[in-house]
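Q: Kindly generate the corresponding structure for this input.
(chains A and B)
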Amino acid sequence: MQREQRTRNCLTPISRYPDVPHGSKVQWLGLARALMTALVLSCIALPLHAAEEEAHVLMLYGLDPYLPPFLAMDKAMRESLAGETERRAVYFSESLDSQRFAMEKLEPELVALLEKKYKALRIDVVVAVSRTALDFFERHGEQLWPGARVVYMGFLGYESKPSALPPGASAVVSFLDVAGTIDIARRSQPGARRIVVVSGAAEVDRRAQQQAREALAKLHERVPVEFLSGLPLPELVARVAAEPPDSIVIYLVLFRDRGGRPYDPLEVLRAVVKTSRAPVYGAVETYIGLGAVAGSVGSYESRGRLIAEQVRRALAGGPPDPSRTVLAAPNRCVADARALQRWSLDAERLPSGCEIRFKDVPIWRQYWWQIALTLAIVAAQATLIVALFAQRRRRRVAEQTEQAQRAVLARASRLALAGELTGAIAHEINQPLGAILTNADAGDLMLDSGRDRRDELRAILANIRRDDLRASEVIQRLRDLLGKQKFERREFDLNDVVSDLESIMRAEARRRGVVLELRRAPETLAIMGDRVQIQQVLINLVLNAMDAVADESEVRRTVVVSVAKGEGGAVLAVRDRGRGIAPEHRTKLFESFFSTKPTGMGLGLSIARTIVEAHGGHVWAESGPDEGTVFQVELPLAIANGAPSPRPA
Amino acid sequence: MSTTPLIHVVDDDPSMRTALLLLLGEVGFEVRGYSSTGEFLLQPLPDRPGCLLLDVRLPGPSGLELQAALQRQGIMLPIVFLTGHGNVDSSVRAMKAGAVDFLTKPVKRDILLDAVQRALARDATQRAAREEAERVQTRFASLTPRQREVFDLIVAGKLNKQIADELGIAERTVKREREQVMAKLDANSAVDLGRLAELLQRSSSR
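A: The predicted structure follows:
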């Protein structure tokens, strides 16, 4: 209302101005052109400088240029033109807004204004958007923008036929595809019992309505149709709201009601959709998104691109290509997912290939490749981690298995050693047992003597206790040697291992008539590992050495065990004065099942080497003829205590 | 000369040795302990009843080696072997060489004392035989050369006449010498003389 009044107040006086005479303007422009070409450096009008490089495109809108479809179209056109033309395009725009203003009254003043604005500016192409704009160009184009080619954008197909175009004009038209939209509606609602077609009273509105009538007439099935034409908005909204849900509402376009009141067709659509229980369809792209369910629409973007093509051709000059004079933007099915959901319509019923907009695109679909990439990386990492863990576990299991097997083998070997030492061990145990028994017998006799010999008896008991402990100590050592199966990692002094040899091997050495000499190192030699296994290695080497000197004369029946600190750690050496190792046997010394002894299993040295290597050390033998043999075991010292402590400065 | 038997104990294990000495001492024997064969050999061996309790395994020469060495020296001290871990081989060797017994530790008191008693008995027997042989030897030494000749022929089973013929002397002289020999040697018959001859032969062959 207010706007209507203001329009009249402002514009009515202007309409009284007389038209500018045509002839004088042409003459003036001719002079201007002469000046322009003659005086290149003239400062009459700044744009003239760039005249040769720039292409001037005037967008002439018959309607409000800020309607969203026009903005989308304009954007697409400019993007499409950018960089495509030899000359840089410079855009100007004018709006007639004939739907809302009484253009017929304003036109003389508008023309006068435009004449002033453009008298020093060459326009190469005028893009006339809507029939109103084209009509205006036909009336005043030659006067205002002499030499300009016109590209017509007819947004309703019925408006233009190639024959109706002015000479030299080209056009982009799109057809208001009412038939297609009705078809979509029928597919979407096969059980619809009524079709309601909404349109306005403006001429554009009426033409659209006519098109709808024609399309509906062609329908095979007869469905009751009601046309709501030119109703004032409140009445229209009420009527549509009264429609049952199984009706189809086709909203065409409404610029004016029958009382002449102007509307924004999009606002009308919004109001209608708001209260309608029946689904609303529309044939204009911008309707989809404002509440309409679906429609066969032409994309404004594609229209923009087609306009760009026509503009490009117009700028290039030359005769127009008859086959490309009129370009038609294609129509296609577009639907609104939200509206489909609101009216509980099934998207499956829409024609195949129908673009569903405003779908709540799940985040994974929107960013599918980023997500896929992330997932792939995560999966790859996870796989890698799992693989590494699996590998590590496999290796650990393998290591544990190997260690367990080594421990079992080592124990079996120790049992064999114990077998060899049986005589000595029995002797070691029998000795204290014998002493105990004899002491007990002596004590018995003392008691029988009847005298008080308490002190002597106490001494005997002390002896018995000592011998008992001695026997149990032997058993404990045996248990240490034989009972344990697991590999234990502890720090110990290698000297102690040598000292233990004293108690374990003394009896055996005596039995064999061999002198066993043990030499400890002066300092602590800390080793990290399994003490019993190292003990086993040493016993093995000592037994071998004793075997080596078994047949020697008494002076040579000596085995020396020594331990000392070497360069690479602690070195155990077992030296005998036997006949040495035959050269052909030396390489096979540490192999399994190699033995020169008639009863030898050939496992002792191979197990000894396995044990030593498991401790990070190595074992080797040196032998010369008649010099005897030295077996040496080098073991790394434990870091913590093995490293020499720094001396005070 | 003390009549208490002296028992020698050779064992390198101090506990065992001490226990044995204590027990045997308690039983009433006199005892001496040695830790090795060498130590035993270095000690002068008193001439008195006794026996040797000997370990087989010893540092240096073994018990069996000591046994052999003693035999070579003519020392008849009876030996009871006592070992911690005896085997058939060494026990057979020991017994063949005249050991009284071969005992395994731990040994029961009765068995040990029984073996010791047997060893002492043997020692007594040997000792008695040796004393008798010595006595006979002394008496034999008192015979004149002629009397020895007569003795030899009597022991050889010759009659007086045969002896007289062989020696070229009168049968009466033979008879008188024979009586002298019988008196000097404290014998009653030719059979007694034969036994003495055997005794003398054994002791002289040593």
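
Q: burial measure for whichever residue of chain B sits closest to chain A, as a count.
A: Using C-beta to the nearest C-beta, the single residue of chain B nearest to chain A is B:Lys105, 3.2 Å away. Any C-beta I mention is one placed from the backbone N, CA and C, and that applies to glycine too. When neighbours are defined as other C-beta atoms under 10 Å in any protein chain shown, B:Lys105 has 26 of them.

Q: And it, how far from B:Asp55?
A: B:Lys105 sits 9 Å away from B:Asp55, going by C-beta to C-beta, to the nearest Å.

Q: which neighbours do the two share?
A: Common neighbours of B:Lys105 and B:Asp55, using C-beta atoms under 8 Å, 6 or more residues apart in numbering or on different chains, are B:Met16, B:Leu82, B:Thr83, B:Gly84.

Q: would you put the C-alpha positions of whichever strand or helix holds the second one in CSV?
A: Read that as B:Leu82. Element membership of B:Leu82 [criterion: DSSP states H and E] is strand B:79-83. Listed next in CSV are the C-alpha coordinates belonging to strand B:79-83 (Å, rounded to 0.1, in the frame of the first residue of the first chain):
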residue,chain,number,x,y,z
ILE,B,79,92.2,-103.9,56.9
VAL,B,80,88.5,-103.0,56.9
PHE,B,81,87.5,-100.9,54.0
LEU,B,82,85.0,-98.2,54.5
THR,B,83,83.8,-96.3,51.4
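
Q: and the angle for the very next helix or strand once past that strand with strand B:79-83?
A: Once strand B:79-83 ends, the next helix or strand along the chain (criterion: DSSP H and E) is helix B:88-96. Put simply, helix B:88-96 runs at 170 degrees to strand B:79-83, going by axes from the mean of the first three to the mean of the last three C-alpha atoms, to 10 degrees.

Q: Model confidence for the residue nearest to the residue of chain B closest to chain A when sequence neighbours are not counted, exactly?
A: The spatially closest residue to B:Lys105, leaving aside those adjacent along the chain, is A:Gly434, at 3.2 Å (C-beta to C-beta, 6 or more residues apart in numbering or on different chains). If you check A:Gly434, the pLDDT there is 89.

Q: Let me see the contact set for A:Arg490.
A: A:Arg490 touches A:Met528, A:Gly529, A:Asp530, A:Arg531, counting by C-beta under 8 Å, 6+ apart.

Q: Return the nearest residue of the stretch 301-450 of chain A with respect to chain B.
A: Residue of the stretch 301-450 of chain A nearest chain B, by C-beta to the nearest C-beta: A:Gly434 (3.2 Å).

Q: List the buried residues in the helix or strand where that residue lies.
A: According to DSSP H and E, A:Gly434 maps onto helix A:422-448. Residues of helix A:422-448 classed as buried: A:423-443, A:445-446 (neighbour count, 16 or more other C-beta atoms under 10 Å in any protein chain shown).

Q: So A:Trp620, which state does it fall into?
A: Following DSSP: H, G, I helix; E, B strand; the rest coil, the label given to A:Trp620 is strand.

Q: Now the nearest residue to it once chain neighbours are set aside. Its backbone dihedrals?
A: In this structure, A:Trp620 finds its nearest non-sequential neighbour in A:Gln632, 5.9 Å apart by C-beta to C-beta, 6+ apart. Main-chain torsions, A:Gln632, degrees, to the nearest 10: phi -120, psi 140.

Q: Looks like A:Gln632 contacts A:Arg575 (just checking).
A: No. Contact between A:Gln632 and A:Arg575 fails when scored by C-beta atoms under 8 Å: they sit 9.2 Å apart.

Q: Neighbour count: those two, which is higher?
A: The residue with more neighbours, out of A:Gln632 and A:Arg575, is A:Arg575; 21 against 18, by other C-beta under 10 Å.

Q: how is chain A carved up into domains?
A: Domain assignment for chain A by automatic domain parsing gives A:2-174, A:178-297+A:330-363, A:488-649.

Q: And chain B, split by domain according to the record?
A: Listed domain ranges for chain B are B:6-128, B:142-205 (source: automatic domain parsing).

Q: could you dump the ones you listed to a markdown table with mean pLDDT?
A: A markdown table is the format used below for the domains of chain B (pLDDT from 0 to 100):
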| stretch | mean pLDDT |
| --- | --- |
| domain B:6-128 | 90 |
| domain B:142-205 | 84 |
